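1. Here you go, sequence then predicted model.
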Amino acid sequence: MMSYRELKEKASELDLLIREARNAEFCAALEEVRMRVAEFGFTQEDVFGVASDQRRRRFNKRPRYRNPETGIEWCGWGREPFWIKGKDRKQFEIEDA
């Protein structure tokens, strides 16, 4: 049976080999992806489903409500702010929304 010290040395050697193999395969895989993207003309939307600008638009909603005292605005998505919670939202609506 190998001693603890011998096993630790073996583990260090294996960690180095694992990192080298991963780096080599990583570079080869990345090159393959780049070649396929160039060959077929894939877009970001083709690969990842939704383009990042569409994702940003989904989360950048226009504000629909404004606190008249502080001017803080809320788009109506997510948790209600304390200043509107439990109150009639009509009084806080922004006219042009």
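-> Arrived safely. Residues are numbered from 1 along each chain as shown.
2. Which other helices and strands does the biggest helix by length in the chain contact?
-> Across the chain, the longest stretch assigned as helix under DSSP state H is helix 4-40. Taking 3 or more Cβ pairs under 8 Å, 6 or more residues apart in numbering; DSSP states H and E as contact, there are no helices or strands that helix 4-40 lies on. In this view, the C-beta of every residue, glycine as well, is placed from N, C-alpha and C.
3. for the protein, what are the low-confidence residue spans?
-> 50-60, 97 (pLDDT under 70).
4. quick one, domains of it?
-> Domain segmentation of the chain under automatic domain parsing yields 1-55, 61-97.
5. Redo those as TSV? Include mean neighbour count.
-> As requested, the domains of the chain are exported to TSV (neighbours: other Cβ atoms under 10 Å):
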stretch	mean neighbour count
domain 1-55	10
domain 61-97	12
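6. Please compute how far the helix or strand following the longest helix of the chain lies from its chain's middle.
-> Sequence order places helix 44-48 as the next helix or strand after helix 4-40, per DSSP states H and E. The chain centre lies 14 Å from the centre of helix 44-48; the measure is Cα atoms, centre = their mean, to the nearest Å.
7. Stretch 32-41 now?
-> Per Cα atoms, centre = their mean, the centroid offset for stretch 32-41 relative to its chain is 24 Å.
8. Then stretch 34-44?
-> Here the centre of stretch 34-44 is set off from its chain's centre by 22 Å, with Cα atoms, centre = their mean.
9. With only the CA atoms kept, save it in CSV.
-> Backbone C-alpha positions of stretch 34-44 (Å, rounded to 0.1, in the frame of the first residue of the first chain) are rendered in CSV as follows:
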residue,chain,number,x,y,z
ARG,A,34,-15.4,28.5,-34.6
MET,A,35,-15.0,26.6,-37.8
ARG,A,36,-18.6,25.4,-37.7
VAL,A,37,-19.9,28.9,-36.9
ALA,A,38,-18.0,30.3,-39.9
GLU,A,39,-19.0,27.4,-42.2
PHE,A,40,-22.7,27.6,-41.4
GLY,A,41,-23.1,31.2,-40.5
PHE,A,42,-24.6,30.6,-37.1
THR,A,43,-25.9,33.6,-35.2
GLN,A,44,-25.9,34.1,-31.4
